[in-house]
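>>> coordinates only, sequence not included:
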């Protein structure tokens, strides 16, 4: 009997260890490990997000360098993944602001179905962690989109994004958090990204990022007065 219990305990330990490894890989902690170690000057802001944020740095790195911003976007990520790596990729850099642009991949069900309320809970948790560490959170609206070409079965994408943005805006207002509304300035009559601002109607092109840069810098300047 003892041998059976010992074998079961050993198996459980292996399963738990495997789950821990999978969780680490899922969060992709290693993506910015070397970048974080090489940060010497405290960033004014860390931009936390998904492929939209990652692509922003790729297309316009000068914007980040000129403003002492650190880009911490990872393609495909959903809010639970960002929450897992928030301590490493944001808190440990000790920025003045964290600019959170998150949620479109949750709507796209990259890791399965999730309610708008649970997406908001993940975003709220990031804000609470930031505030507890004297980092000022900045919440951004999810960018407009009408469909996800990698998951075309999802219907009413524009409506779902608008509903999530309403929750984000409400939370920001209630908690006196700066809200940056990209959606209002960038959405076309369909509630999506116009072709002149995006090659795939989800991810901005350089012109789209330039629009976002103007909106963000104006908001941050106002916040620092």
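Received, thanks. Since this is a predicted model, take the numbers as computed values, not measurements. Numbering: from 1, shown residues only.

>>> On the three-state scheme, the nearest residue to residue 202 once chain neighbours are set aside is what?
With sequence-adjacent residues excluded and distances taken as Cβ to Cβ, 6 or more residues apart in numbering, residue 202 is closest to residue 145, at 4.9 Å. Backbone N, C-alpha and C define where each C-beta goes, glycine included. Here residue 145 is coil, with the state taken from DSSP: H, G, I helix; E, B strand; the rest coil.

>>> Residue 145 contacts residue 190, correct?
No - taking contacts as Cβ atoms under 8 Å, residue 145 lies outside contact range of residue 190: 9.8 Å.

>>> okay, and the common contacts of the two?
Here residue 145 and residue 190 have residue 158 as joint contacts, going by Cβ atoms under 8 Å, 6 or more residues apart in numbering.

>>> Show me what the residue nearest the centre of the chain is bridged to.
Nearest to the geometric centre of the chain sits residue 49, at 2.6 Å (Cα atoms, centre = their mean). When bridges are called by DSSP bridges, residue 49 pairs up with residue 73, residue 101.

>>> residues in contact with it?
Residues near residue 49 by Cβ under 8 Å, 6+ apart: 72, 73, 77, 82, 100, 101, 102.

>>> neighbours of the residue nearest to residue 202, just the number please.
Residue 145 has 25 neighbouring residues, counting by other Cβ atoms under 10 Å.

>>> How about residue 207?
11.

>>> That one: helix or strand, and which one exactly?
helix 206-223 (DSSP states H and E).

>>> how about the strands in this structure?
For the chain, applying DSSP state E gives strands covering 45-49, 69-73, 97-101, 136-140, 178-180.

>>> from those, which stretch is densest packed?
Mean neighbour count, computed with mean count of other Cβ atoms under 10 Å, is highest for strand 45-49 among the strands of the chain, reaching a mean of 27.

>>> Figure out how far it is from the centre of its chain.
8 Å (Cα atoms, centre = their mean, to the nearest Å).

>>> how near is the residue nearest to residue 125 when sequence neighbours are not counted to residue 121?
Excluding its sequence neighbours, the residue lying closest to residue 125 (Cβ to Cβ, 6+ apart) is residue 83, at 5.6 Å. Distance of residue 83 to residue 121, computed by Cβ to Cβ, to the nearest Å: 9 Å.

>>> Kindly report the same for residue 89.
20 Å.

>>> Between the two, which is the more surrounded one?
Set side by side, residue 89 and residue 121 show more neighbours around residue 89, with 25 against 16, by other Cβ under 10 Å.

>>> Next up, the contacts around that one.
Taking Cβ under 8 Å, 6+ apart, one finds 32, 36, 46, 48, 72 in contact with residue 89.
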